[in-house]
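Asker: sharing a model prediction with you, sequence too.
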Amino acid sequence: MNNHQADSIVVSDVGSAIVTAAKGFAKRHKVVTFSYVYGMSILCVLVLLGSGTKLTLDQQRQYNQIMNSIDLQAEYTAASKYHTAYANYYHSKGWLSCDSHCQHYRAIMERRKNEWDEIKAEGNARMSDAKSVAGLLSEVGVNEVKDSFWDYFNSGKQFAKRQSWWDALFMGMRSMRRDESFIEYGLKMLMQVLINFSMGLVMALFIFIFGLWSIISTYQANPLTALFFFVSASSAAFAFVSTYLLAIYSAAAGGVYGVVKLAESNMRIEAARGGGARVRNGYIERNRNRPHWQ
């Protein structure tokens, strides 16, 4: 049996072990498995059919009419007045005290804050009315949830990249002090990168699911539709993050396996060259010791 056949047998054994472990996990964790399969089906539907139902002309007209009635300039003005009042209050107070002069600016700040909150509440109510016209399952609702997910997902990746950069710096300094090889440093760094991406994306997933219901509630949908949308969106997000992480783990495992096999091949080549050289050296030594007339 040559080396290629042996490697094929090892790969097939590893594949069989992975399939067996996956089946066992699916049987033990049926809820997680169902959520993943259901989420993948939702993702396939979104890819094939698009994002939500399109608005009719009447829905589009009502939606735009309500959205245009929101006074954004009034909200901007109220926000500017509040920040100005807060700055005056902040500079008038002491470290642990607030005199009459400070109390005056504090009262103004609180009044500006209430005015801003009232304008924001009115704007949010009108926006909610516009969303209810569009519907939760429309392209407006689906796209808003998708945008929210991608924002959190990209934030999770940025966290993982920043953390991995700092880990590479400090782990490199520790490796130089410990006189570790480049392979040891690379393996440790690979594990740390996988941990960072797992932490960042799982954290982003939980934050997205935690804030999902607040988005759904603004569309004023009936409870059954809202619950269906929440379960579907959460399952789809879970399936995507899980698949993304599995792809990263698989790529890392494949890279490590390739490096190991390359190192083994180089060791076999070096061993073969060393053995041949010793045989040739021994032949030369025997010829040198043999008399010339032989």
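Answerer: Thanks, I have it. Numbers count the residues shown, from 1 in each chain.
Asker: going forward, measure contacts between C-alpha atoms and count neighbours the same way
Answerer: Fine.
Asker: quick one: the helices in the stretch 51-200 of the chain?
Answerer: 57-68, 72-92, 100-134, 139-178, 182-217 (DSSP state H, counting those that start in this stretch).
Asker: ok, residue 216 to residue 226 distance?
Answerer: 6 Å (CA to CA, to the nearest Å).
Asker: these two: who's more crowded?
Answerer: residue 216 (21 against 18; other CA atoms under 10 Å).
Asker: in stretch 142-149, what's buried?
Answerer: Buried residues in stretch 142-149, counting neighbours by 16 or more other CA atoms under 10 Å, are found at 142, 145, 149.
Asker: one more: stretch 233-249?
Answerer: Quick answer for stretch 233-249 (16+ other CA under 10 Å): 233-242, 245, 248.
Asker: give me the spatial nearest neighbour of residue 219, chain neighbours excluded.
Answerer: Distances taken as CA to CA, 6 or more residues apart in numbering place residue 132 nearest to residue 219, at 4.6 Å, with adjacent residues excluded.
Asker: in this structure residue 123 contacts residue 71, no?
Answerer: Yes - using CA atoms under 8 Å, residue 123 is in contact with residue 71, at 7.2 Å.
Asker: ok and the helix or strand residue 259 falls within relative to helix 139-178, angle-wise?
Answerer: Using DSSP states H and E, residue 259 sits within helix 223-289. With axes from the mean of the first three to the mean of the last three CA atoms, to 10 degrees defining the directions, helix 223-289 sits at 30 degrees from helix 139-178.
Asker: report the mean per-residue pLDDT for helix 223-289.
Answerer: Confidence for helix 223-289, expressed as mean pLDDT, is 77.
Asker: what's the answer for stretch 114-128, then?
Answerer: 94.
Asker: tell me which residues of that stretch come out buried.
Answerer: Across stretch 114-128, burial judged by 16+ other CA under 10 Å covers 115-116, 119-120, 123, 126-128.
Asker: residues in contact with it?
Answerer: For stretch 114-128, the surrounding residues in contact (CA atoms under 8 Å, 6 or more residues apart in numbering) are 66-67, 69-71, 74-75, 78-79, 82, 218-220.
Asker: so which pair among the residues you listed is furthest apart in space?
Answerer: Spatial extent of these (CA to CA) is set by the pair 82 and 220 at 30.4 Å.
Asker: so for those two, which sits in the more crowded spot?
Answerer: Between residue 82 and residue 220, residue 82 has the larger neighbour count (other CA under 10 Å), namely 21 against 17.
Asker: count the neighbours of the residue nearest to the more buried one when sequence neighbours are not counted for me.
Answerer: Distances taken as CA to CA, 6+ apart place residue 112 nearest to residue 82, at 4.9 Å, with adjacent residues excluded. Residue 112 has 21 neighbours, counted by other CA under 10 Å.
Asker: from residue 106, how far off is residue 112?
Answerer: Applying CA to CA to residue 112 and residue 106 gives a distance of 10 Å.
Asker: show me the domain layout of the chain.
Answerer: Per automatic domain parsing, the domain ranges recorded for the chain read 16-53+137-294, 56-134.
Asker: any idea how far apart the tips of the shortest one sit?
Answerer: The first residue of domain 56-134 is 9 Å away from its last residue (CA to CA).
Asker: list phi and psi for residue 221.
Answerer: phi -80, psi 160 (degrees, to the nearest 10).
Asker: surely residue 135 and residue 143 touch.
Answerer: No - the pair residue 135 and residue 143 does not pass the contact test of CA under 8 Å, sitting 11.9 Å apart.
Asker: what stretches of the stretch 51-200 of the chain score poorly on pLDDT?
Answerer: 172-181 (pLDDT under 70).
Asker: change it to 90
Answerer: 51-53, 92-101, 164-192 (pLDDT under 90).
Asker: just to revisit the earlier point, which of the buried residues of stretch 142-149 sits closest to residue 159?
Answerer: Taking those together and measuring to residue 159 by CA to CA, the closest member is residue 149, at 15.3 Å.
Asker: contact partners for the nearest residue to that closest one once chain neighbours are set aside?
Answerer: Closest residue in space to residue 149, ignoring its immediate chain neighbours: residue 208 at 6.1 Å, by CA to CA, 6+ apart. Neighbouring residues of residue 208 by CA under 8 Å, 6+ apart: 148-149, 152.
Asker: fine by me, we can end here.
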